[in-house]
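Participant: How does the following fold in three dimensions:
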Amino acid sequence: MITRTATARQLEELLKHTPLELVTSRSSCEQLLQERENSQKEILSALDRNKQMRSELAELHSQLMDTREERDQLQRTLDGSDRSSGALQDVLKLTADLKVKLCDADTRRGTRPDASRAECGGGSSGAPAEEPRSAALLPKKEIDF
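Facilitator: Residues are numbered from 1 along each chain as shown. Just a heads-up that it's a prediction; the model follows:
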């Protein structure tokens with residue numbers, strides 16, 4: 001009987017501690033559930049931020065591509081302008097050279113009227129005019145397109 005009594009007492013002690021363990025277990029369970037809920041909220045928040053950042057990245061990439069296209073278009077325009085400016089300078093130099101040759105030819109033939117000699121660098125004095133330089137006939141300023 002001693003063993004039955006001892007076993008009964010042990011079971012009674014165990015039964016007294018069981019509600020405390022149950023309360024502790026429930027408290028731990030509630031704490032874990034709260035932590036899980038908080039973790040889920042953090043994950044959802046991080047996913048939202050990630051989605052927003054991807055959207056911003058896509059927009060920035062689009063702006064970058066547009067800016068690069070604008071830059072390339074401006075560079076093509078500038079290159080064309082440089083070529084046009086160079087061609088204009090070549091034409092102006094050629095025109096100046098042709099004017100000099102025309103003046104020289106007219107002066108040699110004597111067909112240049114006195115009023116026109118001023119264009120060739122000479123006056124109306126009848127003295128032979130100095131040969132004008134083609135650089136003097138070029139414009140002083142560059143032309144902006």
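Participant: what's the spacing between Cys103 and Ser45?
Facilitator: Using C-beta to C-beta, to the nearest Å, one obtains 85 Å as the distance from Cys103 to Ser45. To be clear about C-beta, it is placed using only N, CA and C from the backbone, and glycine gets the same treatment.
Participant: Comparing those two, which shows the higher neighbour count?
Facilitator: Set Cys103 next to Ser45 and count neighbours by other C-beta atoms under 10 Å: Cys103 wins out with 20 against 10.
Participant: That one: what secondary structure?
Facilitator: helix (DSSP: H, G, I helix; E, B strand; the rest coil).
Participant: Report pLDDT for it.
Facilitator: At Cys103, the pLDDT value in this model is 89.
Participant: Quick check: it vs Asp97, distance?
Facilitator: From Cys103 over to Asp97 (counting by C-beta to C-beta), the distance is 11 Å.
Participant: same deal with Ser55?
Facilitator: From Ser55 to Asp97 the distance is 63 Å (C-beta to C-beta).
Participant: Please identify which of those two sits among more neighbours.
Facilitator: Neighbours were counted for Ser55 and for Asp97 using other C-beta under 10 Å; Asp97 has more, 13 against 10.
Participant: Show me what the host helix or strand of the more buried one packs onto, helices and strands only.
Facilitator: Assigned by DSSP states H and E, Asp97 belongs to helix 2-109. Applying 3 or more C-beta pairs under 8 Å, 6 or more residues apart in numbering; DSSP states H and E, we find helix 2-109 packed against helix 114-117, helix 134-137.
Participant: what's the pLDDT at the most centrally placed residue in the chain?
Facilitator: Centroid check for the chain by C-alpha atoms, centre = their mean gives Thr67 as the closest residue, at 4.5 Å. In this model, Thr67 is scored at 97, pLDDT.
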